[in-house]
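Colleague: This is the structure alone, sequence omitted:
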């Protein structure tokens, strides 16, 4: 299989490229490597993918720029797309909404057009647990309503799902949206709590904890995420008129991809402190705009359809991240 991955320099994208190359697939990666966080980490991820070997081609470009996409991919052949590229981050969407409109809406529409005109066998795309907004019913199910987002980031991700539904209806393109739940692990993002807490604890600085620590997240280890993405890629939804996960009768499925465990944030902090071998000082902060108190994934649909079975608890995953972080940063 020859797969086009957007966001290939990102946390999940680079890990997926590694996994696909390791099983013998060919990968074309695109990423604009913007400065939302230090681009050096993105280039290091790409270097790692190249070092691991395999048929890998990388283009540094913005997938929201259709002319650049067409120029780079003009002579390239690929069977499937995994569209992971996006402007990430709930809080940053309060500061720079235009970046989210351009990347997450225009960019997603561009990739749907590429899928349409290339006649790809399947496009898997990244959605987010944030689409559930302030839903109080737990765990979150793909059958729940998701039309009350509490951040612009969440709104763009839900809009991507709606755009995809329309393309599945009009053009019968097999599409699968994955609602990721708090992904963490080696090579993770510096704007995420795991990285921020580890850096500050090792530096002896207090860590900011919002809502007096009354926060829960379904933390999902990167290896489990990649197993789910690969399973989704290998199983495109059929155009058979049957109702898929998420409620569509078109060739369009939606899945939660999480750990099916909602862990209190203070437990995560304890584990990071233990892995760092340091005392933890906490700077208690009020709830932030656009944030939610709890996430918790109902993964019954992806277990049933794709055999997804996460195996890594935070007791195992957190020390692995801290070990990698110390090696990578020299902290």
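Modeller: All right, it came through fine. These numbers were taken from a predicted model, which means no experiment stands behind them.
Colleague: which element is residue 30 on?
Modeller: Counting by DSSP states H and E, the element that carries residue 30 is strand 26-31.
Colleague: brain fart, residue 110
Modeller: helix 107-118.
Colleague: what number of residues lie near residue 173?
Modeller: 24 (other CB atoms under 10 Å). Yep, even glycine has a C-beta here, placed from its N, CA and C like the rest.
Colleague: circling back to that earlier point, name the surrounding residues that touch the following helix or strand past the helix holding residue 110.
Modeller: Past helix 107-118, further along toward the C-terminus, the next helix or strand under DSSP H and E is strand 122-128. With contacts defined as CB atoms under 8 Å, 6 or more residues apart in numbering, strand 122-128 is touched by 7, 12, 79-84, 86, 108, 111-112, 115, 153-154, 157-158, 160-161, 164, 173-180, 229, 232-233, 236, 254.
Colleague: among these, which ones are buried?
Modeller: Among those, those buried by neighbour count (16 or more other CB atoms under 10 Å) are 7, 12, 79-84, 86, 108, 111-112, 115, 153-154, 157-158, 160-161, 164, 173-180, 229, 232-233, 236, 254.
Colleague: Over to stretch 187-198 now: how far is its first residue from its last?
Modeller: 13 Å (CA to CA, to the nearest Å).
Colleague: Sort out which residues of it are buried, please.
Modeller: Within stretch 187-198, the residues scored as buried using 16+ other CB under 10 Å are 187, 188, 189, 192, 193, 194, 195, 197, 198.
Colleague: Please tabulate the residues you listed in TSV and include secondary structure and pLDDT as additional columns.
Modeller: Shown next, in TSV, are the buried residues of stretch 187-198 (DSSP: H, G, I helix; E, B strand; the rest coil; pLDDT from 0 to 100):
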residue	secondary structure	pLDDT
187	coil	98
188	coil	97
189	coil	96
192	coil	92
193	helix	91
194	helix	94
195	helix	97
197	helix	95
198	helix	97
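Colleague: Max pairwise distance over those: which two?
Modeller: Within the buried residues of stretch 187-198, 187 and 197 form the most distant pair, 16.7 Å apart (CB to CB).
Colleague: For the nearest residue to residue 102 once chain neighbours are set aside, give me its contacts.
Modeller: Distance criterion CB to CB, 6 or more residues apart in numbering; nearest residue to residue 102, sequence neighbours excluded, is residue 64 at 5.0 Å. For residue 64, the contact set (CB under 8 Å, 6+ apart) comprises 102, 103, 106, 107, 110.
Colleague: what's the helix or strand for residue 64?
Modeller: In this structure, residue 64 is located outside every helix and strand according to DSSP H and E.
Colleague: Residue 177 too?
Modeller: Element membership of residue 177, judged by DSSP H and E, is strand 175-180.
Colleague: and that strand, how far out from the chain's middle?
Modeller: A distance of 9 Å separates the centroid of the chain from that of strand 175-180, by CA atoms, centre = their mean, to the nearest Å.
Colleague: Just list what the helix or strand following that strand packs against, helices and strands only.
Modeller: Once the chain leaves strand 175-180, the next helix or strand it forms, by DSSP H and E, is strand 183-184. With contacts taken as 3 or more CB pairs under 8 Å, 6 or more residues apart in numbering; DSSP states H and E, strand 183-184 sits against strand 220-221, helix 222-233, helix 314-329.
Colleague: Including mean pLDDT and distance to residue 94, could those go into TSV?
Modeller: Output for these, formatted as TSV (pLDDT from 0 to 100; distance: least, CB to CB, whole Å):
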stretch	mean pLDDT	distance to residue 94
strand 220-221	98	25
helix 222-233	98	26
helix 314-329	97	27
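Colleague: Can you tell me which of those is most buried?
Modeller: Among the helices and strands packed on strand 183-184, ranked by average contacts under mean count of other CB atoms under 10 Å, first place goes to strand 220-221 (a mean of 26).
Colleague: Can you tell me how far the residue nearest to residue 227 when sequence neighbours are not counted is from residue 231?
Modeller: Nearest non-adjacent residue to residue 227, counting by CB to CB, 6+ apart: residue 308, 6.9 Å away. Relative to residue 231, residue 308 is positioned 6 Å away (CB to CB, to the nearest Å).
Colleague: Common neighbours of the two, please.
Modeller: Common neighbours of residue 308 and residue 231 (CB under 8 Å, 6+ apart) are residue 302.
Colleague: ok, residue 97 touching residue 155?
Modeller: No. Taking contacts as CB atoms under 8 Å, residue 97 lies outside contact range of residue 155: 9.8 Å.
Colleague: which one of those two has more residues nearby?
Modeller: residue 155 (22 against 16).
Colleague: Isn't that one up against residue 149?
Modeller: Yes. Applying CB under 8 Å, one finds residue 155 in contact with residue 149, separated by 4.2 Å.
Colleague: Run through the strands of the stretch 201-331 of the chain in chain order.
Modeller: For the stretch 201-331 of the chain, the strands defined by DSSP state E, counting those that start in this stretch occupy 207-210, 216-217, 220-221, 252-257, 263-264, 282-285.
Colleague: how much distance is there from the longest one to the middle of the chain?
Modeller: Distance, stretch centre to chain centre, for strand 252-257: 13 Å (CA atoms, centre = their mean).
Colleague: Rounded mean pLDDT for it, please.
Modeller: The pLDDT scores in strand 252-257 average 98.
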